[in-house]
Each structure stands twice: as structure tokens, then as C-alpha cells.
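>>> Kindly return the folded structure for what I paste below:
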Amino acid sequence: MAVFMRDRLMTRTLLCCFLAIPLCPSIVALGQSPQAVPDATLQLNTDLVVVDVVVTDAHQNPVHNLTAADFTLREDDHVQTIKTFTEHTAKEVATFIAPTSPKLDPGVFTDDPPVPANGPLNIVLLDRLNTPMQDQAYAMDQLSAYVKTAPAGTRIAIATLTSGQLSLLQGFTSDTELLRAALTSKHAEMNASLYLDNPVSGGGKVASDAGAKARFRREFTLNALDELGRYLSFFPGRKNLIWFSASFPVSMIPTGRDVWSTTPYLEDEFKKTLNLLALNQVAVYPIDAAGLTGTTWFDAANPGASTVLASNQGLSNSFQNASLRAANQKWAMTDIADPTGGQAFVNTNDLKGAVAQAVDAGSNYYALTYSPTSHNWNGQYRKIQVELNRPGLALVYRRGYYAIDPDAPAPKAEQKTGSNEPAPYNAMRAAMAYGAPEPAEIRFEAYVRPSIAGTEPALAPGNQNNARVKGPYRRYSVHYVAHERDIQCPVSPGGVNICTVEFAVCVYDVHGNLILSRGNKINAKIKSTYYTAFQQPGLHPGFQYRQEISVPAKGEYYLRVGVHDLTTNRVGVLDLPVSEVSALSPIYRASAVADGASRR
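Numbering: from 1, shown residues only. I've put the predicted structure just below:
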């Protein structure tokens with residue numbers, strides 16, 4: 001195959017050294033370019049800013065047929081020139097035609113899926129981490145009811161967040177049968193949070209470690225939003241994140257309130273996550289999974305209910321606590337929705353109707369783009385203001401972004417040594433988890449085939465046995481070809497470009513247990529003259545690398561393959577069943593060559 005002939009050139013010029021490191025997570029631990037449409041998701045190597053504006057009248061009906069001349073757009077009080085202007089309506093949903101996947105040769109896989117040309121995407125997050133089980137059931141029932149009546153063509157994905165990880169139950173589809181199957185699968189079942197004082201009701205006596213639990217929930221939730229932002233970055237256009245939760249431990253308010261006084265180490269992570277949502281046109285619609293709540297004083301389970309008339313002070317305190325809870329919940333949800341251009345739905349039992357309103361609002365909007373007059377990447381928050389020359393109309397849009405160079409090296413994660421602190425977030429580790437969303441920040445192809453005929457009793461060199469499984473094994477070759485423009489290689493003082501890339505492959509069984517893994521980090525030095533030519537599209541086959549992974553010969557297994565640019569912290573991941581490649585002819589007749597090398 002031509003791809004293996006090209007690998008010889010890359011081995012000589014790019015792969016200077018490599019170091020084996022474990023990258024695959026345990027479950028319990030915490031090539032086509034996007035289509036260049038005018039309102040496409042903001043690309044990370046440009047300074048074009050996309051602002052989606054939802055306009056409604058006094059009855060909350062969408063307002064159509066406005067023009068660019070009706071809008072005035074400012075950044076930090078400076079008027080900006082609107083570069084492109086596009087109106088989107090719910091009609092796009094009804095006329096949506098699903099894209100077709102390109103036909104690939106046997107053994108060839110890509111994380112670069114076909115993308116739709118128009119219409120919004122809706123992803124539902126079922127938050128089990130921050131929601132007691134009694135509220136999880138009601139939220140599921142309401143979501144299932146909506147799916148049955150969703151308008152034709154409505155594209156929905158479903159994800160869950162548990163105490164362990166973020167998982168994607170169903171990718172974007174308008175097939176209601178697939179969505180209903182995902183909601184009734186065992187992966188969608190209720191899950192008790194490890195970080196609520198009472199995982200069933202959410203209430204009760206405050207535990208002695210409540211502060212530590214709150215810190216874990218806050219960081220895990222922020223990490224999940226980061227993962228979703230990475231996953232959604234590949235899809236063009238607007239994405240509506242419909243978030244079912246009974247509590248919202250993070251805030252998207254960037255200025256004003258001192259929301260990070262208790263967790264200052266999360267501030268950089270918060271800024272990065274908010275920018276990910278902004279850059280990728282993600283509007284958040286929080287929905288209170290607890291529904292309409294009131295005082296628990298009259299509940300039969302309350303021992304004080306029988307003496308209510310004799311305890312006026314207790315009754316007053318109960319009402320005050322219920323009112324305080326409702327106010328705090330609305331405050332937290334608004335702090336998430338407003339900065340991202342979404343809407344909060346609090347204290348309502350009609351969760352099905354809330355989903356319908358969120359989908360409808362996210363389907364009728366105007367996409368405005370502008371190039372900021374200020375090109376200073378100083379890390380400061382820039383406010384966006386949109387005005388309309390027609391009175392009596394309401395506007396909803398995201399309120400700003402941080403002026404952080406998206407191509408700048410990613411900051412190093414702060415190391416935490418305390419036992420009551422979550423481990424530092426690792427984008428690659430999170431993406432390589434079984435069932436996690438598959439980001440395509442780095443587009444790549446993987447050529448997977450058996451390395452040799454037959455089986456062998458020992459593991460391939462460098463493989464890590466995570467489940468203490470025994471042979472015999474079948475050895476497979478994973479040959480990566482990563483798109484050269486998706487990986488950043490900053491220039492060093494010596495005049496060479498330094499590329500630091502991780503390649504990893506994990507073997508999972510049908511239950512999601514990690515069986516085997518293989519990881520390598522590549523530190524490549526490329527002369528700047530060669531790197532400039534290397535970055536030109538079509539002039540080079542891309543970054544290439546090869547690994548050998550062993551798979552137990554008996555049983556059903558899956559490979560999760562990933563590429564990670566350590567400079568920018570961008571990730572690309574794809575999944576494939578081993579059964580799709582096990583019957584292919586082997587590459588070599590004898591033992592396979594070492595990782596990173598090439599052989600014809």
C-alpha cells in the first residue's frame with residue numbers, strides 16, 4: 001500500500017525519538033476539512049468571531065426577515081463591522097438531509113466524519129453526577145416523552161455524566177427509534193452519585209466531607225463541559241446543549257461576582273472551557289431536573305408534619321429554605337445560560353416543554369460574524385454587545401470571550417497533591433475512556449490490519465497488560481496519518497520546529513473494561529524550511545506513526561485509537577471493533593517491526 005511507502009520518509013525526517021508512556025484511562029478513574037460555510041464554527045487559526053442572536057417578540061415568538069442593517073454589534077463598546085449575516089429557521093430542520101459517509105477501504109478508519117451543511121444540533125446531557133436518583137427518573141420520562149413528539153428532522157445526541165466519566169449514549173441522529181433505544185439501554189439507567197450527601201434524595205444531613213465533595217463535583221462538571229466542547233468543535237453551525245441537572249456547581253459568569261474564590265485553581269480551566277463553548281457556537285440550556293419544588297414541611301416523611309401548627313418558626317424556616325434553594329438554583333442556571341447565549345428553565349414540571357422551547361429557540365437565530373478591531377491576545381475578557389433598531393424585541397446571545405490565542409501552547413495542568421483534590425484533568429485520558437465522546441480536533445486516518453498470521457503467546461513489545469489477561473494473542477498494526485495542519489509545532493530558539501505528539505491505542509472488552517494499551521510520545525525536530533513546506537495542504541501525506549497492539553485471540557474486543565498534540569492539547573479519537581479487521585490479510589509474514597519504523 002502507498003501509505004506504508006510514505007512512512008519511510010516520515011521515519012527519517014520527523015520521528016527523532018519516542019518515549020513509551022501509559023495513556024489509556026481506567027473506567028473508574030476519574031480526512032475532510034469542515035465545510036467553509038459563512039456561519040461555520042469559528043476555526044481556531046482565524047480571528048473571525050461568530051455571534052448567534054435569537055430574536056423574539058413580546059410573546060416569545062421568533063422574529064424573522066431581519067437584515068444586517070437592523071443590527072449594531074460592539075466589542076468592548078467599539079462598533080464592529082459585520083462580515084457575514086445569515087438567518088436560520090426551523091425550516092432547515094424539516095428539510096435536513098443526512099450526509100453520507102465516504103466509502104473507505106477495508107482496514108481504513110477516520111475520525112473525520114461527514115458533517116451536515118445546515119441546521120442546528122441538539123445534545124442532551126443527563127447529569128447523574130449532580131442529580132439525585134429521584135429526579136433522574138422524572139427527567140428521563142420527560143425526555144422520552146419529547147423524543148416521541150420531536151419535529152421531523154430534529155437532530156439530537158444524548159450524553160450522560162456520572163461520578164466516573166462523561167459518556168456518549170447516542171451520536172447525532174434524527175431517528176427517534178435510535179434515540180429511544182439509547183434512553184432504554186442499560187447505559188442510560190439511573191446512577192447514584194458518589195458526591196451528593198444523599199444520592200437518592202439529594203438532601204439530608206450535611207456530611208463532614210461536603211466541601212471536598214463539592215470541589216470534586218465542580219471540577220468534574222467543568223471537565224465534562226470541556227470534553228463536550230472538544231467533541232462539538234468539529235461540527236459546523238450552532239449547537240444547543242440541553243443540560244438536565246438538579247444542581248449546577250459551576251458558573252460561566254466571567255466578571256463581577258467572585259465565583260472562583262473557593263477554587264482559584266480552576267479559573268484557567270474555566271476560561272478555556274468558556275472559550276471552547278464560544279468558539280464552537282455552543283449555547284447552554286440548563287433545565288432543573290427537580291422540577292417544581294416547594295417546602296418539604298408537609299411531606300409525610302417529615303416527622304415534624306404532624307406538629308406543624310405548634311411550630312410556626314419551623315414552618316417559616318422551611319419556606320425560607322425552599323425559597324433560598326429556588327433563588328440559588330435560578331442564579332446558578334442563569335450564570336450558565338446567559339454568557340453562552342442559552343436560556344435557563346427553572347422551577348417547572350413541564351420538562352418536556354422546556355426541551356421543546358430550547359430546541360425551537362436554538363433553531364431560529366441569526367448568525368453574525370466579525371473580525372475584531374483589536375488583535376491583542378492579552379487574555380482579557382472582551383464583552384460583546386448587540387443592539388437592534390426595532391423596539392420591543394428581545395435578544396439572546398453570548399456576551400463575550402477571552403482574548404486568548406487559540407494556537408498558543410496549552411498551559412500546564414496544576415499538580416494537586418492533597419487527597420481531597422481531584423487529579424489534574426487530562427484531555428487525552430478523558431477522550432480515550434470507553435464510551436466517551438470522540439473529539440476530532442486532530443483529524444487522522446488509522447490503517448489497521450493484523451501484523452502477522454496466527455497467534456503468539458506473548459504480548460507485543462511495549463504493551464501494557466491492564467487486566468492481567470493471558471494469551472494467546474493476535475498482533476495488529478495501527479498506522480496513523482494525522483493531518484499536518486491540525487498539529488502545531490512552535491519554533492525553538494535554535495531555529496527548528498518542535499512537534500510533541502502522543503499516539504495511543506486501548507483495547508476494551510464488550511463490558512468496557514480496559515484490557516491492554518499502548519502509548520508513545522513523539523518529540524520531533526523539523527527544520528523550519530521543511531516545516532513551512534510541510535504545512536502546505538496536499539504537499540505532504542501528514543504526520544505518520546505506527547504502533548503494534550496485542551489483542552486476546554478469543555472474545556470480542558474494541559480498539560480506541562487516539563492522537564494528542566501536547567502543544568495545543570487538541571485530541572482526535574476513533575473507535576473500531578476488532579472484528580472488522582481480524583479477517584484481513586496480515587502485513588508481514590514474520591514478526592512485526594518495532595513501533596515507529598517502516599517496512600514494505
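
>>> can you pull out the strands in the stretch 101-250 of the chain?
108-110, 121-127, 156-161, 166-173, 239-245 (DSSP state E, counting those that start in this stretch).

>>> List of residues touching the second one?
If I follow you right, that is strand 121-127. Outside strand 121-127, the residues that touch it by C-beta atoms under 8 Å, 6 or more residues apart in numbering are 136, 139-140, 143, 154-161, 172, 188, 221, 224, 228, 232, 235, 237-246, 289, 355, 358-359, 362. C-betas here are computed from N, CA, C, even on glycine.

>>> Indicate which one of the strands of the stretch 101-250 of the chain is closest to residue 482.
With C-beta to C-beta, the closest approach to residue 482 among these belongs to strand 108-110: 10.9 Å.

>>> ok, that closest one: who's next to it in the sheet?
Taking DSSP bridges as the criterion, strand 108-110 forms sheet pairs with strand 444-450 (antiparallel).

>>> what about the partner strand, average pLDDT?
Averaging pLDDT along strand 444-450 gives 96.

>>> Relative to the helix or strand following it, what are the paired strands and their orientations?
Next helix or strand after strand 444-450 toward the C-terminus (DSSP states H and E): strand 464-465. Strand 464-465 has its sheet partners listed here by DSSP bridges as strand 514-527 (antiparallel).

>>> Any buried residues in the partner strand, and which?
Buried residues in strand 514-527, counted by 16 or more other C-beta atoms under 10 Å: 514, 515, 516, 517, 518, 519, 520, 521, 522, 524, 525, 526.

>>> I figured the fifth one hits residue 464, correct?
What it means is residue 518. Yes. Contact criterion C-beta atoms under 8 Å: residue 518 and residue 464 qualify, at 6.9 Å.

>>> Now do the same for the most centrally placed residue in the chain: its pLDDT.
Compute the mean C-alpha point of the chain, and by C-alpha atoms, centre = their mean the closest residue is residue 228, 1.6 Å away. Looking at residue 228, its pLDDT stands at 96.

>>> Can you name the residues that contact residue 380?
Residue 380 neighbours (C-beta under 8 Å, 6+ apart): 402, 403.

>>> so what's residue 181 up against?
Per C-beta under 8 Å, 6+ apart, neighbours of residue 181: residue 170.

>>> And it, how close does it get to residue 188?
As judged by C-beta to C-beta, to the nearest Å, residue 181 and residue 188 stand 9 Å apart.

>>> now residue 410
In terms of C-beta to C-beta, residue 410 sits 33 Å off from residue 188.

>>> Which of those two has more residues huddled nearby?
Higher neighbour count among residue 410 and residue 188: residue 188, with 21 against 15, using other C-beta atoms under 10 Å.

>>> contacting residues for the residue nearest to that one when sequence neighbours are not counted?
Among residues not flanking residue 188 along the chain, residue 169 sits closest, at 5.7 Å (C-beta to C-beta, 6 or more residues apart in numbering). Residues counted as contacts of residue 169 (C-beta under 8 Å, 6+ apart) are 158, 159, 160, 182, 183, 185, 187, 188.

>>> same thing but at 6 Å, please
Residues counted as contacts of residue 169 (C-beta atoms under 6 Å, 6 or more residues apart in numbering) are 158, 182, 187, 188.

>>> Just list whatever residues bridge to the first one.
Just to be clear, that refers to residue 158. residue 124, residue 170.

>>> rewinding a little: comparing the strands of the stretch 101-250 of the chain, which comes out most buried?
Compared across those, strand 239-245 shows the largest average neighbour count, a mean of 28 (mean count of other C-beta atoms under 10 Å).

>>> Who are the packing partners of that one?
For strand 239-245, the packing partners by 3 or more C-beta pairs under 6 Å, 6 or more residues apart in numbering; DSSP states H and E come out as strand 121-127, strand 282-288.

>>> okay if I get those as JSON lines plus distance to residue 575 and mean pLDDT?
Below are the helices and strands packed on strand 239-245 laid out as JSON lines (distance: least, C-beta to C-beta, whole Å; pLDDT from 0 to 100):
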{"stretch": "strand 121-127", "distance to residue 575": "18", "mean pLDDT": "96"}
{"stretch": "strand 282-288", "distance to residue 575": "23", "mean pLDDT": "96"}
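
>>> Can you add distance to residue 398 and give those strands back as JSON lines?
Listed next are the helices and strands packed on strand 239-245 as JSON lines, based on distance: least, C-beta to C-beta, whole Å:
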{"stretch": "strand 121-127", "distance to residue 398": "17"}
{"stretch": "strand 282-288", "distance to residue 398": "7"}
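
>>> closest to residue 381 out of those strands?
strand 282-288 (17.6 Å).

>>> List the contacts of stretch 343-353.
142, 145-146, 285-288, 291-292, 326, 329-330, 333-334, 337, 354.

>>> ok, of those residues, which one's closest to residue 81?
When the contacts of stretch 343-353 are compared against residue 81 (criterion: C-beta to C-beta), the nearest one is residue 337, at 28.4 Å.

>>> quick one, what contacts that closest one?
Taking C-beta under 6 Å, 6+ apart as the test, what residue 337 contacts is 284, 286, 343, 344.

>>> Likewise for residue 505?
By C-beta under 6 Å, 6+ apart, the neighbours of residue 505 are 478, 518, 547, 549, 559, 561.

>>> Residue 466 too?
Residues in contact with residue 466 (C-beta under 6 Å, 6+ apart) are 514, 517.

>>> what are the ranges of the strands in the stretch 351-500 of the chain?
Along the stretch 351-500 of the chain, counting by DSSP E, counting those that start in this stretch, strands occupy 365-370, 381-388, 394-396, 400-402, 444-450, 464-465, 473-482, 496-509.
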